[in-house]
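[1] Sequence and predicted structure are below.
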Amino acid sequence: MSDSGTKKMALIASRGTLDWAYPPFILASTAVAMDMEVQIFFTFYGLALLKKKLDAKVSPASNPSMPMKMPFGPKALQNFDMPIPNILAGNVPGFEGMATTLMKKTFKNKGVATVEQLRDICVESGVKLVGCQMTMDVFGFSKDDFIDGVELGGAATFLEFAAESDIQLFV
């Protein structure tokens, strides 16, 4: 617990796909609702989660644990019990778009907030969103590419907060 008596949680978000966008925003919004001070450090591909226009997609090729018996989408796909090798799923034209659409539709049908809604909740609740300055420089981003409220910093910025935090997570 920090000197102020408030618990702190530090998160690193390093991936920008739809399936990896949910964990940092869900954890951060939950922690801030529990009166914790929260900071998320967005680095490498995770930095894309701070862009004004969020266009995160499911990436089956980069997720070897993605179930091929899809837990979302039409019943016909949910009951399809023949495993599809990830290498094939990642290379079939249109598969990424289909998986993204099905995941978004299923989340909506189950009442799960969108990534944009969760991100807005974090901003409105005071979660500190820090974009990695080095990653911005490497990928050619400018602060104007990001939503309002994003702060810029480097590894030292994150580590200073994380060193005082009760919880540190790499998601």
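    Right, received. Where do you want to start?

[2] all contacts plus neighbour counts: C-alpha atoms, from now on.
    Will do.

[3] By neighbour count, which bits of the helix or strand containing Ile26 are buried? Give me those.
    For Ile26, the element it lies in under DSSP states H and E is helix 18-33. Buried residues in helix 18-33, counting neighbours by 16 or more other CA atoms under 10 Å, are found at 18-32.

[4] mind checking how far that helix is from the chain centre?
    From the chain centre to the centre of helix 18-33 is a distance of 7 Å (CA atoms, centre = their mean, to the nearest Å).

[5] Give the other helices and strands that it contacts.
    Applying 3 or more CA pairs under 8 Å, 6 or more residues apart in numbering; DSSP states H and E, we find helix 18-33 packed against strand 8-13, strand 37-42, helix 115-125.

[6] if we can go back for a sec, with the buried residues of helix 18-33 in mind, which one is nearest to Gly94?
    For the buried residues of helix 18-33, the residue nearest Gly94 by CA to CA is Leu18; the value is 16.0 Å.

[7] my guess is that closest one meets Ala56, correct?
    Yes. Counting by CA atoms under 8 Å, Leu18 does reach Ala56; the two are 4.7 Å apart.

[8] Please parse the chain into its domains.
    By the record's domain assignment, the chain is partitioned as 8-56+114-170, 60-109 (automatic domain parsing).
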